[in-house]
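# Test case, fold it:
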Amino acid sequence: MTERPILMNDEMVRAILAGRKTMTRRPMPLPEGEWVELRRDNDGTLRMWHQRAVTRWPMMMGTCSPFGIPGDLLYVRECWAPACDNGCCTYYRATYKGHRPPYYGWKPSIHMPKKRARIWLRVERVWVGQVQEMSDNDAHAEGFSATCREGEGLYTASMNFARVWDSIYADRGLGWDDNPWVWACEFEVMDHD
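Coordinates of the predicted model:
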């Protein structure tokens, strides 16, 4: 069993804590070369194999799932702040109730050490697909629900997911309409404060 970090924004942290989020997706970086196939290694690791021409002879390269394999643990990195000088306590921005920011200021999620993590997830399933292959049930498992916007009508959970996906990835050429390949993971919440 391996432990890996996973970044989550405040909205997704709240969805996990409320029991609404049990699935996540991340864009699959496709390196130069022709995508060939997906295979599982002997240890169960899902790996994307692709052909890459670094010389005159093509070479097979592999890219592993960022989520690991079923049974692995993910600790959620979120925006946080130390509560005091000695670092004995931690504030988490997603659930912070204070009227002012903490004295030491908020630290980005990328800098959260594992010992500060309050949410642990066990990987149940990992797969690959294109982002538009997700169902409305998948969008619900991602923590989204249908909403009604005045003057615009009903937005399905998938439409709301696509809107947030674009806000994060569209400027990188990985927007919903680009239909990028993604790593997808279903997880179970193991522990949280």
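
# Excluding covalently adjacent residues, which one is nearest to Ala83?
Distances taken as C-beta to C-beta, 6 or more residues apart in numbering put Cys89 closest to Ala83, at 3.6 Å, once the chain neighbours are dropped. Any C-beta I mention is one placed from the backbone N, CA and C, and that applies to glycine too.

# Please, where are all the strands along the chain?
3-7, 23-27, 34-40, 46-53, 58-64, 73-77, 80-82, 90-92, 120-130, 147-149, 153-155, 181-191 (DSSP state E).

# Lowest average pLDDT across these?
Among the strands of the chain, strand 58-64 carries the lowest mean pLDDT, a mean of 55.

# could you dump stretch 149-164 to CSV, C-alpha only?
Provided in CSV are the C-alpha atoms of stretch 149-164 (Å, rounded to 0.1, in the frame of the first residue of the first chain):
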residue,chain,number,x,y,z
ARG,A,149,-30.3,29.4,-12.7
GLU,A,150,-32.8,32.3,-13.1
GLY,A,151,-33.2,33.1,-16.8
GLU,A,152,-30.9,30.2,-17.9
GLY,A,153,-32.9,27.2,-16.9
LEU,A,154,-31.7,23.9,-15.5
TYR,A,155,-28.0,23.0,-15.3
THR,A,156,-27.4,19.3,-14.8
ALA,A,157,-24.7,18.0,-12.5
SER,A,158,-22.6,17.3,-15.6
MET,A,159,-23.0,20.8,-16.9
ASN,A,160,-21.9,22.2,-13.5
PHE,A,161,-18.9,19.8,-13.5
ALA,A,162,-18.0,21.0,-17.0
ARG,A,163,-18.2,24.7,-15.9
VAL,A,164,-15.8,24.1,-13.0
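
# Identify each buried residue in it, please.
Across stretch 149-164, burial judged by 16 or more other C-beta atoms under 10 Å covers 155, 157-158, 160-162, 164.

# Stretch 172-179 too?
174-176.

# could you give me the average pLDDT of that stretch?
Stretch 172-179 comes out at a mean pLDDT of 93.

# For that stretch, measure first residue to last.
Terminal residues of stretch 172-179 are spaced 12 Å apart (C-alpha to C-alpha, to the nearest Å).

# thinking again about what came up before, nearest to Pro101, out of the buried residues of stretch 149-164: which one, please.
Nearest to Pro101 out of the buried residues of stretch 149-164 is Val164 (C-beta to C-beta; 24.3 Å).

# Please look at the closest one and Phe144 and confirm they touch.
Yes - applying C-beta atoms under 8 Å as the test, Val164 and Phe144 come out as touching, 7.5 Å apart.
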